[in-house]
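[1] For reference, the sequence and a predicted model appear below.
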Amino acid sequence: MRSRCDSTGRSDIKKAIRLFGWSFLLYLTMRTTLTIIIPFGILCGCSSSIHFTREQKRLFECRDGWQYFTLKDTLYGELIYQQNIGKYCGTEAFGSNTVVKISSGDTLRIIELCNSNEFKPGDKIKIVPATKPSFGVVISQSQFDCEIKKTCYGVVSKIK
């Protein structure tokens, strides 16, 4: 049986260092380490879920209760809140989250793609019907996500 050391007392590692130098040995060590660590990290990262705060989870759950409807006629009302997402237009399908109290007294959420208009609470606005796109739309969160359930797509403009 052959031992790990030859007759001169040098191990296989010492032979490798002498033949290839320290840099090659470091390369082999790093390569072996990365071959083990990277797949393990990927597997662990894929199995872990994204962590949301308790408040974010609550808001996501509230969105499940939104009651979508198709707006049939032009509506008029007063702006309560608008989350302008105009700066994101063109990069993703972002929808502005606008809350309006209409003249009948109902409060609605209006989602509009790429609305870059600047509105202030109290502005008088007009809402024109729009169709829901066939693709997913990212809608930012607001403090009204749990309060306002009635939601539709529309085009919002200020009445001058």
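    Yep, that arrived.

[2] From now on I want contacts and neighbour counts done on CA atoms only, so please keep to that.
    Noted.

[3] all strands for this structure, in order.
    67-68, 75-83, 94-102, 107-113, 124-129, 138-139, 150-158 (DSSP state E).

[4] Rounded mean pLDDT for the third one, please.
    Meaning strand 94-102. Strand 94-102 carries an average pLDDT of 88.

[5] what angle do that strand and strand 150-158 make?
    90 degrees (axes from the mean of the first three to the mean of the last three CA atoms, to 10 degrees).

[6] Over to the second one?
    Between the axis of strand 75-83 and that of strand 150-158 there is an angle of 90 degrees, by the same axes, to 10 degrees.

[7] for the strands of the chain, which one sits closest to residue 56?
    Closest to residue 56 of the strands of the chain is strand 138-139 (CA to CA; 13.2 Å).

[8] What lies in contact with that closest one?
    Residues outside strand 138-139 that contact it (CA atoms under 8 Å, 6 or more residues apart in numbering) are 92-97, 111.

[9] What's the mean pLDDT across that strand?
    The average pLDDT within strand 138-139 is 81.
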